[in-house]
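Trainee: Sharing a sequence plus its predicted fold:
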Number of protein chains: 4
Amino acid sequence: MSGSTFGSIFQITTWGESHGRAIGVVIDGCPAGLPLCEEDIQKYLDRRRPGQSKFTTQRGESDSVQILSGTFQGKTTGMPLSLMVPNTDQRSRDYGNIAEVYRPGHADYTFDQKYGFRDYRGGGRSSGRETIGRVAAGAVACKILERLGVTVTAYTKSIGNIQVSPERFHLDACAGNPFYMPDAEAAKEAEALVTQCMANKDSTGGVVECIVKNLPAGVGDPCFDKLDANLAKAVMSIGAVKAVEIGDGVAVTTLHGSENNDAMYYENGVLSKKSNHGGGIYGGISDGSDIILRAHIKPTPSISAPQNTIDRAGSNVEISIHGRHDPIIVPRAVVVVECMTALTVLDGLLSSMTSRMDKIESCFGSADSLPHSLS
Amino acid sequence: MSGSTFGSIFQITTWGESHGRAIGVVIDGCPAGLPLCEEDIQKYLDRRRPGQSKFTTQRGESDSVQILSGTFQGKTTGMPLSLMVPNTDQRSRDYGNIAEVYRPGHADYTFDQKYGFRDYRGGGRSSGRETIGRVAAGAVACKILERLGVTVTAYTKSIGNIQVSPERFHLDACAGNPFYMPDAEAAKEAEALVTQCMANKDSTGGVVECIVKNLPAGVGDPCFDKLDANLAKAVMSIGAVKAVEIGDGVAVTTLHGSENNDAMYYENGVLSKKSNHGGGIYGGISDGSDIILRAHIKPTPSISAPQNTIDRAGSNVEISIHGRHDPIIVPRAVVVVECMTALTVLDGLLSSMTSRMDKIESCFGSADSLPHSLS
Amino acid sequence: MSGSTFGSIFQITTWGESHGRAIGVVIDGCPAGLPLCEEDIQKYLDRRRPGQSKFTTQRGESDSVQILSGTFQGKTTGMPLSLMVPNTDQRSRDYGNIAEVYRPGHADYTFDQKYGFRDYRGGGRSSGRETIGRVAAGAVACKILERLGVTVTAYTKSIGNIQVSPERFHLDACAGNPFYMPDAEAAKEAEALVTQCMANKDSTGGVVECIVKNLPAGVGDPCFDKLDANLAKAVMSIGAVKAVEIGDGVAVTTLHGSENNDAMYYENGVLSKKSNHGGGIYGGISDGSDIILRAHIKPTPSISAPQNTIDRAGSNVEISIHGRHDPIIVPRAVVVVECMTALTVLDGLLSSMTSRMDKIESCFGSADSLPHSLS
Amino acid sequence: MSGSTFGSIFQITTWGESHGRAIGVVIDGCPAGLPLCEEDIQKYLDRRRPGQSKFTTQRGESDSVQILSGTFQGKTTGMPLSLMVPNTDQRSRDYGNIAEVYRPGHADYTFDQKYGFRDYRGGGRSSGRETIGRVAAGAVACKILERLGVTVTAYTKSIGNIQVSPERFHLDACAGNPFYMPDAEAAKEAEALVTQCMANKDSTGGVVECIVKNLPAGVGDPCFDKLDANLAKAVMSIGAVKAVEIGDGVAVTTLHGSENNDAMYYENGVLSKKSNHGGGIYGGISDGSDIILRAHIKPTPSISAPQNTIDRAGSNVEISIHGRHDPIIVPRAVVVVECMTALTVLDGLLSSMTSRMDKIESCFGSADSLPHSLS
């Protein structure tokens, strides 16, 4: 209802502001018996940590996670996992200017309209730091999915007009450049582009792609909770995302049915598909092939070039935004897209366990074999 | 949880299959005191009714709605509205062939994988007829929004590669062509294109755009329930939609921040914006300007040209799909996009009523003036 | 949110008023593959049908259920089940008097305060006929539970001050008297009591008890969704219920811990309990023994003796309520308590399927054996 | 879904175990603009703090709350409030014995059955310390209610068979005795009773009553989310509660309708009631008079007298439970009942804001006066 909770079975609730005491998430519905330590989560948080290259904010945060509840003897107990990351560099400075001005492209004006109030320090709740809770929870989701053989992998597909080339695509290349691009050459071009943006006191956007492998067929619902619908919400709920595509996405509108339909066939008894324009989802339900989606991310609205805007008092003013912000959101959004996808897919997977009487009967057995029924 | 319910305050639950006895929706949370009759709903259903042109299925349904509960003396009572449309043309025919074959691009295989079962008659629950419940509920949402001055309008923006021209854009033109295109000339080109598709036993896709006007600033939440996130889910949950854009959507990824930011300014005391690349939503919350979104719809998967696929027994087979289906989904999806948008926007609007203490206090008054407190 | 939906996985939404066109329920989340026909549901509805004895309203309704969606070839499909009971005896009569007067003990005044409106015909949505949807859905829940070996049985424990005697307790006796009392002798005394009430133009209350047998251990959550908490809500949401007890209920407050604790022990390898004061629930979770609860039901507020009350215009008036109403609610509430209990228990059972990693892994298999993963 | 979240608009999620690092709660949906500091919450926590008399556990916890998010400049921002209480006295000791044994009357066996796992340190999540999150959230709810003129007050009504006398009832007396009894004389008798229990290595139960004053008419829904149903769940979800009564509760079953109906009347233009057997709720909706409920609480299951039970290995064993536990749960449960009642009532109050078109229209104005609509 109130917007900080996501998921129905594996359900997360995030909290915290950019410059508050801490940021965190509560995961309710995590199954018991999962081995889990802070390092499992930290490695995901490290991928979105600031200050890792000259292209990200220089805010000096270690973003160290603490597990406050929900584990015992190294395993989850089935009880809420409370994960917290203290804010350590909520730098004290003069916000007098920002406090009264609505930054263009930001939530400043809209937040104030809704709540009659605004935490102007670093964007408050509307800051990108809000995604820390998503990533911490997503790390747990990914660990569960891995144990079921399901993998979720996101990477940068484009920065401005620089595209990853299918010919040069190597996932291993992601770790070798600050943009998480699976194409070392494109990454070099992106570096030049973003460097130029910074020189121009400007910013740029890009595209993140995410692929889910080995998800069983049968995940997702046929009506409102289609797997693609839930993925669209999950990904669009990440700040700065302005479009979501599944499979071939916008490209399908100019295709014919005969081109766009994905034919299934058996070869030596193994089921396969001739194409995957649909991105692994038909009628809202997974078919067992790769789930493919893309998030289109706008250029960072905070730029140091002067901009026209308004203030709270109702005057037209000019603003130049200095301080700690990224010239491009995309690289640090990669792990967030990955995590939101994982959370959505896991929730759908768990939800599908109750879809059939035969599954339920095999879980609980028949009347003759009730576990531990007391006389 | 189970996927047939949408919304949190104005909450709808749809039911029914293509060839069952009826299709319907229950609306829970509709405020009391809204004048409502069947004609209010029927006029929306008529816009998605089959058989209105040679480009839509010839299924002969009147799709007449009945209000079974929730009104009294011509007004809503605050109790669940049960709206039902009997199926009258669930033609008896031999489904023997379809029953055992998984049609490419459809939910046949995925549904069967999930439920171990499939209602093969006309697609069952995965049929486009499922949207009848959405449209009936959306008609009620639209009526409430109208009383608050908010309008929701969708139209066809493109069919295949035929685009509506901004220069020739007239909303009035929509009613004059079978594609609901606001450009009579483009509609003629689309007619030629779709006619050719039909001759080729093939199908095509297109784009629906939707605009919300006069929505107050302050609707939407800053985290998971961002207005754009909920709209993305709402629209992506419509069968055949493969991408959703907000505002400039995919185009923003190649813009600079200085180009993409929408500057607000006052002119003679009136607040205005120089551009609306953001589509009226910033940080997940509306700013009072037009909300703009686009749904990208794939070509109809049912085509009469022969296709390769598999059957339930595990064999490769060829299939040609005859029977009643549209060569293009887009025109009949227009009202569905409009309705899903209206449902989302209304739910956000109602939800925003509890966001501030001052609003709550003015609703309930102070301790001195409690209504009807009994001694 | 809006109050007509119950359950999280096996989720029901009811609709309909006493004197509207029909009453119904939509069940979303019913697993696929359950054999189901209208007779399965009808036999439960027949137990709450009016007019079965001189102690129930003479409204002449057959309450015949129709399954409008969600089954195919005699089995559930996993899609929403829409169940409808047309109202056939919504007798046309003059409500002029009732329409303007608030009947004591009824929802008339409170409903009007909330909605500014009231369907005064037979109580509208606040009528006991609202429970038809609950019973129809409960019948489906009971059928699923039966297949898992779980039984739910309710009966009348007392009418006014007439108690069922433990010595004479025979469940078979319920069918032999109009009060569903498992004690033929007590039923005779109750008959005399209620006959006297009717002669006095008055009414009386009573207690319904419900027992769940063979529910596996491990159903329910440790915090807010304790099994007993959800049962309390389920049962208290039935009109006229004013108290709910679990196990020994109110009696435990005067016991010592040494008396109230239920000791478990093994005898010949079989787990057993020395007592069941707790009613089969500890820390909100079932232990595999009998779940026991009681609903305390107030006397019918509609009585034909004259009463003082107020009208909408703000005057003091006298009212005598004639028309069709029961002198005692209890007997017809028995099946409602049974159904609400079944719905709660089933939802908890399904929910418990995702509580452990080992269960999940055995459901989805390991990475090596994913079902139907497409290459 | 997963059981640690309560409420629909003012929604809380609790986390933490008895012997973990901390206990906490996230409140999502708290309206913006409420003045709030840690002391507002601390004073409620202090009422449930251990070690305040010889009748409560000697665990030496200060239970100091920290507000980690959701406030700015002394007011709530509308964003999630994260409230945390570090555990400081999770005494390290040998649990070897307890770890393998299922304590009678506790959740040990049932938790293990559900999760295959158990945090045996002090009961883990099933400890009474879990209620810290409820009380912290309830303190915020109470503060909001107070500003609307609504008060929620709970007290001990009985300890074992010692009842508060209506003649000696003084709320002020509560603070003067360790049992929060509004009757100093009864409190003395209770002290003797509990002292005797302790000497006997035994425990006792009791009853908590709660009264809500000045709640406007019109709160609650007519179907599943009846105000009394939600209160019943709220209160039954507190550990050790075995029965919940509304108004006269169990006593109504032996009354006649003519006795139990509460007559409303006007006197000098002021609305009043002759009695309040119904406890202020009719048809699930408040009528503006006092809401009255009672929670029946079992004797503490942890007793130091020897008891028979079983262990994990499947053997019969004897156990004597030493360590820190209360001989009676009731006094410390008073504030928990108060807080769960406040949370439920506030959620219902906020929910009622969207029940009528006229209220909604006056909140958003008409088409002519939209706030801040951008051109």
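Mentor: Structure received. Numbering: from 1, shown residues only, chains lettered A, B, ... in the order given.
Trainee: give me the low-pLDDT residue ranges for the stretch 51-200 of chain A?
Mentor: For the stretch 51-200 of chain A, the stretches flagged by pLDDT under 70 are A:51, A:57-60, A:90-96.
Trainee: residues from it in reach of chain B?
Mentor: Within the stretch 51-200 of chain A, the positions lying close to chain B (C-beta under 8 Å from any C-beta of the partner chain) are A:102, A:104-107, A:109-111, A:113-116, A:125-126, A:130, A:158, A:160-161, A:197, A:200. Yep, even glycine has a C-beta here, placed from its N, CA and C like the rest.
Trainee: Among those residues, name the buried ones.
Mentor: A:102, A:104-107, A:109-111, A:113-116, A:125-126, A:130, A:158, A:160, A:197, A:200 (16 or more other C-beta atoms under 10 Å in any protein chain shown).
Trainee: ok, now which ones touch the closest residue to residue A:171 other than its chain neighbours?
Mentor: Sequence neighbours aside, residue A:182 is the residue nearest to residue A:171 in space, at 5.0 Å (criterion: C-beta to C-beta, 6 or more residues apart in numbering or on different chains). Contacts of residue A:182 were listed using C-beta atoms under 8 Å, 6 or more residues apart in numbering or on different chains, and they are A:155, A:156, A:164, A:169, A:170, A:171, A:172, A:173, A:174.
Trainee: hang on, the earlier thing: among the buried ones among the residues of the stretch 51-200 of chain A next to chain B, which are within reach of chain D?
Mentor: A:113, A:114, A:115, A:116, A:125.
Trainee: want to try JSON lines for those residues, with secondary structure as columns?
Mentor: Listed next are those as JSON lines, based on DSSP: H, G, I helix; E, B strand; the rest coil:
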{"residue": "A:113", "secondary structure": "helix"}
{"residue": "A:114", "secondary structure": "helix"}
{"residue": "A:115", "secondary structure": "helix"}
{"residue": "A:116", "secondary structure": "coil"}
{"residue": "A:125", "secondary structure": "helix"}
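Trainee: Between those, which sits nearest residue D:344?
Mentor: If you rank those by distance to residue D:344 using C-beta to C-beta, residue A:115 comes first, at 24.6 Å.
Trainee: My read is that that closest one contacts residue D:32, right?
Mentor: Yes: between residue A:115 and residue D:32 there is a contact at 3.8 Å, judged by C-beta atoms under 8 Å.
Trainee: got any residues that touch both of the two?
Mentor: Applying C-beta under 8 Å, 6+ apart, one finds that residue A:115 and residue D:32 are jointly contacted by B:355, B:356, D:77, D:78.
Trainee: Next, count neighbours for the first one.
Mentor: Spelled out, that is residue B:355. Residue B:355 has 24 neighbours, counted by other C-beta atoms under 10 Å in any protein chain shown.
Trainee: Let me see the contact set for it.
Mentor: By C-beta under 8 Å, 6+ apart, the contact list for residue B:355 reads A:114, A:115, B:218, D:31, D:32, D:78.
Trainee: Tell me which two of those residues sit farthest apart.
Mentor: Across the contacts of residue B:355, the longest distance by C-beta to C-beta is 13.0 Å; it joins B:218 and D:31.
Trainee: Buried residues in stretch A:252-268, which are they?
Mentor: Buried, per 16+ other C-beta under 10 Å, within stretch A:252-268: A:252, A:253, A:254, A:255, A:256, A:257, A:258, A:260, A:261, A:262, A:264.
Trainee: if I look at the residue nearest to the second one when sequence neighbours are not counted, how far off is chain D?
Mentor: To tie it back to what came earlier, the one meant is residue A:253. Once flanking residues are discounted, residue A:253 sits nearest to residue B:205: 4.1 Å by C-beta to C-beta, 6+ apart. According to C-beta to the nearest C-beta, to the nearest Å, residue B:205 and chain D sit 33 Å apart.
Trainee: for residue A:188, same thing?
Mentor: 41 Å.
Trainee: which outside residues touch the helix or strand containing that residue?
Mentor: Secondary structure from DSSP states H and E places residue A:188 in helix A:184-199. By C-beta under 8 Å, 6+ apart, the surrounding residues in contact with helix A:184-199 are A:55, A:156, A:159-165, A:168, A:170, A:173, A:176-179, A:181, A:203-204, A:327-328, B:256.
Trainee: Near chain C, which residues of the stretch 1-150 of chain A? Just list them.
Mentor: So far as C-beta under 8 Å from any C-beta goes, the stretch 1-150 of chain A lies against chain C at A:1, A:8-9, A:29, A:31-34, A:76, A:78-79, A:144, A:147-149.
Trainee: so which of the residues you listed is the most crowded?
Mentor: Ranked by neighbour count (other C-beta under 10 Å), the residues of the stretch 1-150 of chain A next to chain C have residue A:79 at the top, with 33 neighbours.
Trainee: still on that earlier bit, so which of the contacts of residue B:355 is the closest to chain C?
Mentor: Closest to chain C out of those is residue D:31 (16.9 Å), distances taken as C-beta to the nearest C-beta.
Trainee: Need the pLDDT of the closest one.
Mentor: Predicted confidence (pLDDT) at residue D:31: the value is 97.
Trainee: Name all residues that make contact with the residue nearest to it when sequence neighbours are not counted.
Mentor: In space, and not counting its chain neighbours, residue D:31 is closest to residue B:357: 4.8 Å by C-beta to C-beta, 6+ apart. Listed by C-beta under 8 Å, 6+ apart, the contact set of residue B:357 reads D:31, D:32, D:33, D:34, D:76, D:144, D:147.
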